[in-house]
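Participant: I would like to see how this sequence folds:
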Amino acid sequence: MDSIRNPYAPGAGTQPPELAGRDSVRKQVHVAIARLRIGRPAKSVLMVGLRGVGKTVLLDKMRADAEAEGVFTVRAETPENRSLPALLAPQLRLALLRLSKVENAKDLALYGLRALAGFVKAFKLKYNDIEVGLDLDPEVGLADNGDLEGDLATLFEQVGRAARSAGTDVVLFIDEIQYIEEAQFAALISALHRCAQANLPLTMVGAGLPQLRGLAGNAKSYAERLFDFPMIGPLAPSEAQLAILKPAHDEGVDFTPDAVGSILDRTHGYPYFLQEWGKHSWDVARQSPITLTDVDEASSQAVAALDESFFRVRFDRLTPTEKKYLRAMAELGPGPHRSGDIATTLGKAVNSLAPLRQSLILKGMLWSPNHGDTAFTVPLFDEFMKRIMPGPNWKTD
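Facilitator: Residues are numbered from 1 along each chain as shown. Prediction:
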């Protein structure tokens, strides 16, 4: 087998050769953007799901789809401890500069750039991570009051009006939204609400971990009416099979049915894991078809690759006590688990562990599907924890 022609693409946000099972949500976003473009109301979309389900890949594909239809897009990923103004200001500048090149929108776009200049000036001291170059002087009194909720809404209005004059949409594609601080998230929701009320063609397509739904509701009570929250989960068996077989078939290579079945069993249909097993099975195999023996041999390599990258990068960010908490969860199985059961496994009082649990939620390692329940945000992390902290002595090590 030619490793150079290996079609599988495990990686952070790397586009897989076959984007299987996501047509319905892609259509949902396409319809929402198209409705706004003709002046019809549409909800913003916030995709939620665990790590490894392909949210980032899907977000980038949707953005490419939108750009191909003439939509003006803004792309940002929210890192921890980065302010929303610092995240949005450079991207909105680029969108307004593009809009200023459309004759019908030029004046409104330049007015929007002056609003952005006032916005940056007002918040540069409060959020000292803002770095954006602006050539225009601020418009006094426009988006410069120093109140993030009101000023961001005013700024979005100016961008939306310019987009409407240009006959297009501006769509914010934002990843890892769960890391936006609550008050700033509230300001973002309020600004999008203002645009929806004014029927302006500015919307957001975002992605984040499952707790994003609760975070949005906590930030603004009307968020559930402003957003759709499609759940992006593992692929159904037929979709997972397509994700494995089609890239190989395109290269003239096949898998035996039991080899495909083994990959689906081991990966549970999670897109990132499918790419890892596909890649290593291809590299191990000597000829087509790829067999169950090949998959068995490749599995140790796939697990090692996941342990050293996908899992380990998250494990290394944890404190010793956080690691023990997750190891206790792993002792109980994949989850979700009751907080009391985790505390019992650790031999601790449940109330004493609440700050630790909250810290892990803020780090994006855990989420709460229901009150009192705790679950991993990373699929198969329980198996990794048992590999990285083996044996009976993990409580005392």
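Participant: can you give me the strands in the stretch 151-300 of the chain?
Facilitator: 170-175, 202-208, 227-228 (DSSP state E, counting those that start in this stretch).
Participant: partner strands of the shortest one, parallel or antiparallel?
Facilitator: The partner list of strand 227-228 in its sheet, established with DSSP bridges, is strand 44-48 (parallel).
Participant: And the partner strand, how far out from the chain middle?
Facilitator: Offset of strand 44-48 from its chain centre (C-alpha atoms, centre = their mean, to the nearest Å): 9 Å.
Participant: Restrict it to CA atoms and write it as CSV.
Facilitator: Extracted C-alpha coordinates of strand 44-48, given in CSV (Å, rounded to 0.1, in the frame of the first residue of the first chain):
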residue,chain,number,x,y,z
SER,A,44,-28.4,31.9,14.4
VAL,A,45,-27.0,28.4,14.8
LEU,A,46,-24.8,27.1,17.6
MET,A,47,-23.6,23.5,17.0
VAL,A,48,-22.8,21.6,20.2
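Participant: Give the rounded mean pLDDT of it.
Facilitator: Model confidence over strand 44-48, given as mean pLDDT, is 97.
Participant: ok and the very next helix or strand once past that strand relative to strand 170-175, angle-wise?
Facilitator: Note on strand 44-48: by DSSP states H and E, the next helix or strand toward the C-terminus is helix 55-68. Interaxial angle of helix 55-68 relative to strand 170-175 (axes from the mean of the first three to the mean of the last three C-alpha atoms, to 10 degrees): 160 degrees.
Participant: What is the subsequent helix or strand relative to helix 55-68?
Facilitator: Assigned by DSSP H and E, the successor of helix 55-68 is strand 72-77.
Participant: Check the offset of that following strand from the chain's centre.
Facilitator: Mean C-alpha position of strand 72-77 versus that of the full chain (C-alpha atoms, centre = their mean) differs by 13 Å.
Participant: same question, stretch 260-275
Facilitator: From the chain centre to the centre of stretch 260-275 is a distance of 21 Å (C-alpha atoms, centre = their mean).
Participant: same check, this time on stretch 215-223
Facilitator: Computed by C-alpha atoms, centre = their mean, the chain-centroid distance of stretch 215-223 equals 18 Å.
Participant: ditto for stretch 316-324
Facilitator: With C-alpha atoms, centre = their mean, you get 23 Å for stretch 316-324.
Participant: Just the endpoints, please. Distance across it?
Facilitator: With C-alpha to C-alpha, to the nearest Å applied, stretch 316-324 spans 13 Å between its terminal residues.
Participant: What are the buried residues along stretch 51-65?
Facilitator: Buried residues in stretch 51-65, defined by neighbour count with 16 or more other C-beta atoms under 10 Å: 51-63. In short, each C-beta sits where N, CA and C put it, glycine included.
Participant: got it, and stretch 10-25?
Facilitator: Neighbour count says stretch 10-25 has Pro10, Pro16, Pro17, Glu18, Ala20, Gly21, Arg22, Val25 buried, by 16+ other C-beta under 10 Å.
Participant: Which one of the residues you listed is nearest to Gly206?
Facilitator: Val25 (12.6 Å; C-beta to C-beta).
Participant: Cool, thanks, signing off.
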